[in-house]
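Chemist: next come a sequence and a model predicted from it.
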Amino acid sequence: NYTNPVELIEQFGADAVRLNFFSTPIAAGEDTTISPKTVKIMTQEYLLPLWNMYSFLVTYANVHNWTPAEELPSVHHPKNQWLYTRLNTTIREVNMALDEYRIPQATREIKACMDDMSKWYIRTARNDFAAGDREFLQALYDNFLKLLHLLAPFAPFITEYLYQQLVVSQNPEASQSIHL
């Protein structure tokens with residue numbers, strides 16, 4: 001007994017179904033349950049927080065007429081230093097997990113980083129964003145793009161859409177796809 005994957009894709013989208021496969025023991029060849037409930041959890045734990053971070057960034061960028069810097073600026077605030085360190089640590093951990101074919105571990109590392117970005121960094125820095133602090137906007141932008149690149153193999157459609165909105169629409173000379 002199983003739920004037809006086409007029905008799950010129609011209900012939740014291909015990215016949620018892919019994340020469900022990659023983040024469960026099925027990616028290691030073991031048994032698992034794939035159901036509307038498990039795919040809904042992937043939507044709630046990965047895709048909605050990703051979309052909320054994107055919306056948050058775009059909202060404050062638009063409010064303050066902010067555009068990304070072409071060169072990486074210096075990072076002074078400890079919260080922003082923490083964010084760059086957190087993402088770089090996650091990149092290293094995800095790469096190690098993928099090198100060892102531990103795909104579910106790689107997705108868990110990405111989720112933990114997303115949780116830290118959305119539930120700690122953005123929440124504690126909310127006043128800095130509201131004030132239009134350019135260092136905070138740049139740090140969130142830079143690290144959100146890194147997060148998109150990490151998540152792209154697992155959720156290619158939403159990451160491509162967000163990349164097009166954040167990068168290609170602003171810089172026609174940028175790579176035309178997150179997957180290139």
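Modeler: The structure has been received and is ready for your questions.

Chemist: check what pLDDT the closest residue to residue 86 other than its chain neighbours gets.
Modeler: Leaving aside its sequence neighbours, residue 86 sits nearest to residue 116 (CB to CB, 6 or more residues apart in numbering; 5.8 Å). Every residue, glycine included, has its C-beta placed from N, CA and C. On the pLDDT scale, residue 116 is placed at 98.

Chemist: what of residue 32?
Modeler: On pLDDT, residue 32 comes in at 80.

Chemist: thought residue 26 was touching it, still the case?
Modeler: Yes: using CB atoms under 8 Å, residue 32 is in contact with residue 26, at 4.5 Å.

Chemist: where does pLDDT dip in this structure?
Modeler: For the chain, residues meeting the criterion pLDDT under 70 lie at 1.

Chemist: if we use 80, what do you get?
Modeler: 1-2, 25-30, 71-73 (pLDDT under 80).

Chemist: now do the helices in this structure.
Modeler: According to DSSP state H, the chain carries its helices in the segments 5-12, 14-22, 36-42, 48-63, 78-99, 103-116, 122-124, 126-130, 134-151, 156-163.

Chemist: residues contacting residue 28?
Modeler: 101, 102, 103, 104 (CB atoms under 8 Å, 6 or more residues apart in numbering).

Chemist: do you know how far residue 72 is from residue 58?
Modeler: Separation of residue 72 from residue 58 (CB to CB, to the nearest Å): 20 Å.

Chemist: neighbour count winner among those two?
Modeler: Neighbour count, other CB atoms under 10 Å: between residue 72 and residue 58, residue 58 has more, with 14 against 10.

Chemist: ok, the contacts of residue 28 vs residue 166, which is closest?
Modeler: Closest approach to residue 166 among the contacts of residue 28 (CB to CB): residue 103, at 26.2 Å.

Chemist: one step back: burial count for the residue nearest to residue 86?
Modeler: Other residues within reach of residue 116, judged by other CB under 10 Å, total 16.

Chemist: how about residue 48?
Modeler: 13.

Chemist: over to residue 21?
Modeler: By other CB under 10 Å, 19 other residues sit near residue 21.

Chemist: separation between it and residue 47?
Modeler: In terms of CB to CB, residue 21 sits 14 Å off from residue 47.

Chemist: over to residue 96?
Modeler: Per CB to CB, residue 96 is found 25 Å from residue 47.

Chemist: the two: which has the busier surroundings?
Modeler: Taking other CB under 10 Å, residue 96 and residue 47 do not tie; residue 47 has more neighbours (19 against 13).
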